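Asks: 3D model of this:
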Amino acid sequence: RSRDVAGDDVVQQLVGIGAAETEHGAVGAQMDGHGDLPRGAPLRYIGRNTASGGTEDMAQYDTIFKNATVVNHDGQGQRDIAVKDGRIVALGTINGDAADVVDCTGLHILPGVIDTQVHFREPGLTHKEDLESGSLSAVMGGVTGVFEMPNTNPLTTTRDRFEEKIRLGTNRMHCDFAFYVGGTHDNVADLPELERLPGCAGIKVFMGSSTGSLLVQDDAGVEAILSAISRRAAFHSEDEYMLEERKHLRVPGDPSSHPVWRSPEVALNCTRRLVALARKTGKRIHVLHISTAEEMVFLADHKDVASVEVTPHHLTLDETAYERLGTYAQMNPPVRDKAHREGIWAGVHNGVADILGSDHAPHTREEKDHPYPESHSGMTGVQTLVPIMLDHVNAGRMSLERFVDMTSHGPNRLFGIANKGRIAVGYDADLTVVDLKRRETITNQWVKSRAGWTPYDGVTVTGWPVGTVVRGRRVMWDGELVTPATGQPMRFLEALPRN
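Replies: Numbering: from 1, shown residues only. Model (predicted):
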């Protein structure tokens, strides 16, 4: 199959569900009266404020972002944001001195987008991604922080391996970060200590779709892990026993048989088992990348113990993706038909879905080009999360406030991230700056992932990230990397260091 698997066909798919559905839509729509910002048009700087005659060191603020529409916990409104020492120190109409003043007229500033599911493949699999390249892709797409997964080589299942990843990420990743520790049969006794390590997002368990010690397919193993921990744990929920029994349903050379093998029943059965174990142990679970309408209905009755993640891929693609993208549409759990896609959207609309995660899982073209089922499962996604979902916002499929709820407020609420996820005085100045009217075309060349491809190659969207600010530093601005890597581990309320 040709490696150039995305393009105009995917545009035609998005025409059916994206912003082209609305009068002021994205794909092929007329932007009446919107005045799109031309590609490459520079953002506006007021410049260095020296009106008082003082020096930069004597300025009241480090930076003031002026005249933006700020989207926050209290709605949308025009206001300025003042930053000092990496924190937000003032909101409203601000007239003080600053070393830098940035005019954001016509732009929206969101709390920094936090992608709570990425696979950056380091250590051991760096031919397809590493912490530096993955985080570069993140900030180029407007993402200010990520939670990274433990299925590396070696696995992130011990204190030494976890702390080595923290060392590898600090001041080398372009965004802030947290790492999951993998829960296994072998490290249950260590999990209470591991989940409290600085920079730990929690425990991640694979009940299906993994190999070696990271696979915990049995109820007894999952119960032991839940009994040992106190924080919310994240789960890949597919029934491994059913997957083994159904392998004969895979059709060689036909990736469209992937969702037949990994059926909705495989996902729902595992999620039912998982919820029962959460209730038995009295613990909180986070069910990753929900792919079925039935799971969304089931989980609506269990929101006291279960939080829910959905991905842009499952909200955007459907069964026709296999015809256009072949194995490049293959992921676990799989992209399914339109009915399941709409069922997932129903969960977004009614609030059952809590957060968005990209499930950025890069593989090389060579790995994706293997004939099915030897082809690798997973897609890139961290860099396209913001533009794909802003296109849905412009289509009227979700409000901008709901997008913020699912990408910053939601992660803050579910995981207790200290000082992140809100635009508020005292919080880190993590900001995602977007132009809701800007039309751009996503391309493989734009994607900074080492994998070098995206399933959305050639797709034109309306709504584009134009600035990524991490702890007050402009990291990406108008498509350019402007600050060297300064990534730091996130802190969590349930694991704050003791003084």
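Asks: List the contacts of the residue lying closest to Gly75 once chain neighbours are set aside.
Replies: Spatial nearest neighbour of Gly75, excluding adjacent residues (C-beta to C-beta, 6 or more residues apart in numbering): Glu401 at 6.9 Å. (Each C-beta comes from the backbone N, C-alpha and C, glycine too.) When the contact criterion is C-beta atoms under 8 Å, 6 or more residues apart in numbering, the partners of Glu401 are Val71, Gly75, Gln76.
Asks: from memory the last one sits against Phe403, does it?
Replies: No. Checked against C-beta atoms under 8 Å, the pair Gln76 and Phe403 is beyond contact range at 11.8 Å.
Asks: what's the burial count for Ala90?
Replies: 17 (other C-beta atoms under 10 Å).
Asks: Spell out which helix or strand contains the closest residue to Ile109 other than its chain neighbours, please.
Replies: Of all residues not flanking Ile109 in the chain, Ala68 sits nearest, at 4.3 Å (C-beta to C-beta, 6+ apart). Assessed by DSSP states H and E, Ala68 sits inside strand 61-72.
Asks: What strands flank that strand, and is each parallel or antiparallel?
Replies: Partner strands and pairing direction for strand 61-72 (DSSP bridges) are strand 75-84 (antiparallel), strand 98-103 (parallel), strand 108-111 (parallel).
Asks: roughly how far is that strand from the heart of the chain?
Replies: In terms of C-alpha atoms, centre = their mean, to the nearest Å, the gap separating the centre of strand 61-72 from the centre of its chain is 24 Å.
Asks: before we move on, what about stretch 83-98?
Replies: Distance, stretch centre to chain centre, for stretch 83-98: 28 Å (C-alpha atoms, centre = their mean).
Asks: try stretch 199-212
Replies: Its chain's C-alpha centre and that of stretch 199-212 lie 17 Å apart, by C-alpha atoms, centre = their mean.
Asks: Quick check: buried residues in it?
Replies: Gly199, Cys200, Ala201, Gly202, Ile203, Lys204, Val205, Phe206, Met207, Gly208, Ser209, Ser210 (16 or more other C-beta atoms under 10 Å).
Asks: Can you give me the buried ones in stretch 332-344?
Replies: Asn332, Pro333, Pro334, Val335, Arg336, His340, Arg341, Gly343, Ile344.
Asks: Sketch out the low-pLDDT regions of the stretch 251-400 of the chain for me.
Replies: Within the stretch 251-400 of the chain, no range satisfies pLDDT under 70.
Asks: which one of Gln76 and Phe403 has more residues nearby?
Replies: The residue with more neighbours, out of Gln76 and Phe403, is Phe403; 22 against 14, by other C-beta under 10 Å.
Asks: so who does that one touch?
Replies: Contacts of Phe403 (C-beta under 8 Å, 6+ apart): Leu110, Leu356, Met389, Leu390, Val393.
Asks: and it, what helix or strand is that in?
Replies: Per DSSP H and E: helix 400-404 holds Phe403.
Asks: same check, this time on Gly347
Replies: In the assignment (DSSP H and E), Gly347 maps to helix 338-350.
Asks: Give the next helix or strand downstream of that helix.
Replies: Using DSSP H and E, the helix or strand that follows helix 338-350 in sequence is strand 355-356.
Asks: Distance from the chain centre to that next one, please.
Replies: The answer for strand 355-356 is 7 Å, by C-alpha atoms, centre = their mean.
Asks: Top of the contacts of Phe403 by number of neighbours, please.
Replies: Going by other C-beta under 10 Å, Leu356 tops the contacts of Phe403 with 29 neighbours.
Asks: Now it: closest residue in space that isn't a chain neighbour?
Replies: Met406 (4.5 Å).
Asks: quick one, what contacts the one you found?
Replies: Contacts of Met406 (C-beta under 8 Å, 6+ apart): Val348, Ala353, Asp354, Ile355, Leu356.
Asks: and Pro198, how far is that from Gly253?
Replies: 47 Å (C-beta to C-beta, to the nearest Å).
Asks: now the most centrally placed residue in the chain, what's its secondary structure?
Replies: Nearest to the mean C-alpha position of the chain, counting by C-alpha atoms, centre = their mean, stands Asp115 at 2.7 Å. Per DSSP: H, G, I helix; E, B strand; the rest coil, the secondary structure class of Asp115 is strand.
Asks: Hmm, Leu385 and it touching each other?
Replies: Yes. Using C-beta under 8 Å, Asp115 is in contact with Leu385, at 5.9 Å.
Asks: any weak-confidence spans in the stretch 1-150 of the chain?
Replies: 1-58.
Asks: show me where it has strands.
Replies: 44-47, 61-72, 75-84, 87-92, 98-103, 108-111, 113-118, 143-148 (DSSP state E, counting those that start in this stretch).
Asks: Can you lay out those as a markdown table showing distance to Lys303?
Replies: Output for the strands of the stretch 1-150 of the chain, formatted as a markdown table (distance: least, C-beta to C-beta, whole Å):
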| stretch | distance to Lys303 |
| --- | --- |
| strand 44-47 | 44 |
| strand 61-72 | 24 |
| strand 75-84 | 24 |
| strand 87-92 | 31 |
| strand 98-103 | 40 |
| strand 108-111 | 23 |
| strand 113-118 | 18 |
| strand 143-148 | 21 |
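Asks: Figure out which of the ones you listed is closest to Arg159.
Replies: Closest to Arg159 of those is strand 143-148 (C-beta to C-beta; 16.7 Å).
Asks: May I have the strands that pair with that closest one, each with its orientation?
Replies: strand 113-118 (parallel), strand 176-182 (parallel).
Asks: Out of those, which one sits most buried?
Replies: Stretch with highest mean neighbour count among the strands paired with strand 143-148: strand 113-118 (a mean of 29; mean count of other C-beta atoms under 10 Å).
Asks: who touches both of Asp115 and Leu385?
Replies: Val143, Leu356, Ser358, Thr407.
Asks: thinking again about what came up before, got the contact list for the residue nearest to the centre of the chain?
Replies: So Asp115 contacts Ala138, Val143, Gly145, Val146, Phe147, Leu356, Gly357, Ser358, His360, Val382, Leu385, Thr407 (C-beta under 8 Å, 6+ apart).
Asks: at 10 Å what do you get?
Replies: 138, 141-148, 175, 355-360, 381-383, 385-386, 407, 411 (C-beta atoms under 10 Å, 6 or more residues apart in numbering).
Asks: which residues does it bridge with?
Replies: Val146.
Asks: what's the spacing between it and Val382?
Replies: Counting by C-beta to C-beta - Asp115 and Val382 are separated by 5 Å.
Asks: which neighbours do these two share?
Replies: Residues touching both Asp115 and Val382 (C-beta under 10 Å, 6+ apart): Ala138, Gly141, Gly142, Val143, Val146, Cys175, Gly357, Ser358, Asp359, His360.
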